[in-house]
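Q: Have a look at this prediction, sequence included:
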Amino acid sequence: MLKIELRHIRFHGYHGIHEEEKKTGGDFEVNLVAHFIPHHLTVLHLDETLDYTKLYELVKKRMDKPTRLIETLAIEIAEEVLHSFDIVENVEVEIKKLNPPIPFFNGYVAAVYSGKRAKKNKK
């Protein structure tokens, strides 16, 4: 199994349930790991692997759409990766809200979702 990782991707977005988050937005970090089995053990060409630029475009497009919950973002990104890239067997998406609106809180909150391709029935 081979994996492609996108790590520490930063976005400013308008995700959250509080009115202030919808107006001023907040900072988010996305981590994505996609596992796949390459068709050849020696990967020499882009069409033999998972194009991380296309993964990034998918994540960016979804992060640009305001959403109430980071859990929703994580699930929808993971499911879209599985739907868009037939080669991907499983994917994990972590969405971090870097400055959550919690008084006196120093850290981040995160939602992590792991999705797996459904096995196809062989006849």
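A: That came through, no problem.

Q: For the rest of this, base every contact and every neighbour count on C-alpha atoms.
A: Fine.

Q: for this protein, what helix or strand is lowest in average pLDDT?
A: One helix or strand of the chain scores below all others by mean pLDDT, DSSP states H and E: helix 19-24, with a mean of 91.

Q: which one's the longest helix in this structure?
A: With secondary structure taken from DSSP state H, the chain has its longest helix at helix 70-84.

Q: So for it, what gets flagged as buried?
A: By 16 or more other C-alpha atoms under 10 Å, the buried positions in helix 70-84 come out as 70-71, 73-79, 81-82.

Q: any chance you could map the strands in this structure?
A: Secondary structure of the chain (DSSP state E): strands located at 2-13, 26-36, 88-97, 109-116.

Q: Any idea which of the ones you listed gets closest to residue 52?
A: strand 2-13 (7.0 Å; C-alpha to C-alpha).

Q: got the angle between the closest one and strand 26-36?
A: For strand 2-13 against strand 26-36, the angle by axes from the mean of the first three to the mean of the last three C-alpha atoms, to 10 degrees is 160 degrees.

Q: which residues are in contact with strand 2-13?
A: Here strand 2-13 makes contact (C-alpha atoms under 8 Å, 6 or more residues apart in numbering) with 25-38, 50, 52, 56, 60, 63-66.

Q: now that strand against strand 88-97, angle please.
A: 30 degrees.

Q: shift numbering so it begins at 14
A: Okay, residue one is now 14; in that scheme the one you just asked about reads as strand 15-26.

Q: Pull up the pairing partners for strand 15-26, direction included.
A: Using DSSP bridges, the strands paired with strand 15-26 are strand 39-49 (antiparallel).

Q: Quick check: buried residues in the strand it pairs with?
A: Per 16+ other C-alpha under 10 Å, strand 39-49 contains these buried residues: 39, 41-49.

Q: where in this protein is pLDDT low?
A: By pLDDT under 70, the weakly predicted segments of the chain are 134-136.

Q: could you dump the buried residues of helix 83-97 to JSON lines with distance to residue 21?
A: Formatted as JSON lines, the buried residues of helix 83-97 follow (distance: C-alpha to C-alpha, whole Å):
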{"residue": "83", "distance to residue 21": "16"}
{"residue": "84", "distance to residue 21": "18"}
{"residue": "86", "distance to residue 21": "16"}
{"residue": "87", "distance to residue 21": "14"}
{"residue": "88", "distance to residue 21": "18"}
{"residue": "89", "distance to residue 21": "19"}
{"residue": "90", "distance to residue 21": "16"}
{"residue": "91", "distance to residue 21": "16"}
{"residue": "92", "distance to residue 21": "20"}
{"residue": "94", "distance to residue 21": "18"}
{"residue": "95", "distance to residue 21": "21"}
